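Participant: Test case, fold it:
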Amino acid sequence: MSELNTRRKREHEQHIKHILDTAESIFAERGFFRTTMRQIALKAEFALGTIYSYFGSKKQLYGKVIETKVNELVVFVTSEMADAPSVQGQIEKFIHAKMTFLHKNLPFLRLYLAEVDVPRLDLSHILPQKVREKYDSMLSGLTGVIWRGIQEGLFKPMDARVIVKAIDGLTNALALSWLGSAEAHLSFEADIRDVTELFFHGAEIPQKSRQNSNTRKESNDGP
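Facilitator: This is a model prediction of the structure:
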């Protein structure tokens, strides 16, 4: 490839990234329906026709924004999990990596998780099927880890897919609570610890520990 073509390709990629970043911020601020391509063009400082030359419609642009971020999420989470050899380590990495990514990408979080509760927004007609498949591939990887843990006797013999849905749903729910919270950065690490603790040890205090605690309390109270 000639130097001229290389430069043009690089400029094309830079333009695409700039448009996607701009669109993400506006979609996150205004929502899908209240955002227009003209608003995106103005903020990105491109002609409206140029935006349409890259993306044929608002739905296509919205889908590409989500697709790009989902790809980044999946790559980040799977690479982090690969660094942990044990079942427990991989699950901890999944929780930490996913929640860390969402915390660092709150506009994406607002788009992908908050918008799904809007009845008028039919994501199946906006998001490419490969986006859902990409995300599912990440969950499938976690399912394999959970299944391995069941085989090794670390977890109860349950449907691994149900466990994965529980982890995915809990991390999503906590991440959603960060939106609009001025103190989200303060609860971030604590939320990760709580999800990990809840998964591995549950919320219930073991009966023996409760008995010991009550015994100590009665002894301290005295007659």
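
Participant: What's the separation between the closest residue to residue 96 other than its chain neighbours and residue 200?
Facilitator: Nearest residue to residue 96 in three dimensions, chain neighbours excluded: residue 192, at 5.5 Å (CB to CB, 6 or more residues apart in numbering). For every residue, glycine as well, the C-beta is placed using N, CA and C. Separation of residue 192 from residue 200 (CB to CB, to the nearest Å): 13 Å.

Participant: okay, the two: which has more neighbours?
Facilitator: residue 192 (20 against 12; other CB atoms under 10 Å).

Participant: Report pLDDT for the more buried one.
Facilitator: Note for residue 192: predicted pLDDT of 91.

Participant: same deal with the one 3 residues further on?
Facilitator: At residue 195, the pLDDT value in this model is 90.

Participant: same thing with residue 5?
Facilitator: pLDDT, read off for residue 5, is 69.

Participant: ditto for residue 185
Facilitator: Reading off the model, residue 185 has pLDDT 61.

Participant: picking up where we left off before, who are the neighbours in contact with the residue nearest to residue 96?
Facilitator: With contacts defined as CB atoms under 8 Å, 6 or more residues apart in numbering, residue 192 is in contact with 95-96, 99-100.

Participant: Quickly find the element holding it.
Facilitator: Assigned by DSSP states H and E, residue 192 belongs to helix 184-201.

Participant: Which secondary structure state does residue 158 sit in?
Facilitator: coil (DSSP: H, G, I helix; E, B strand; the rest coil).

Participant: OK, contacts around it?
Facilitator: Taking CB under 8 Å, 6+ apart, one finds residue 150 in contact with residue 158.

Participant: What about it? Give its phi and psi, please.
Facilitator: With angles defined as degrees, to the nearest 10, residue 158 sits at phi -120, psi 170.

Participant: Against residue 201, how distant is it?
Facilitator: 16 Å.

Participant: Repeat that for residue 64.
Facilitator: 41 Å.

Participant: residue contacts, residue 142?
Facilitator: 81, 90-91, 94, 164, 167-168.

Participant: Output the contacting helices and strands for the longest helix along the chain.
Facilitator: Longest helix in the chain, counting residues (DSSP state H): helix 3-30. Packing partners of helix 3-30 (3 or more CB pairs under 8 Å, 6 or more residues apart in numbering; DSSP states H and E): helix 37-44, helix 48-54, helix 58-82, helix 106-109.
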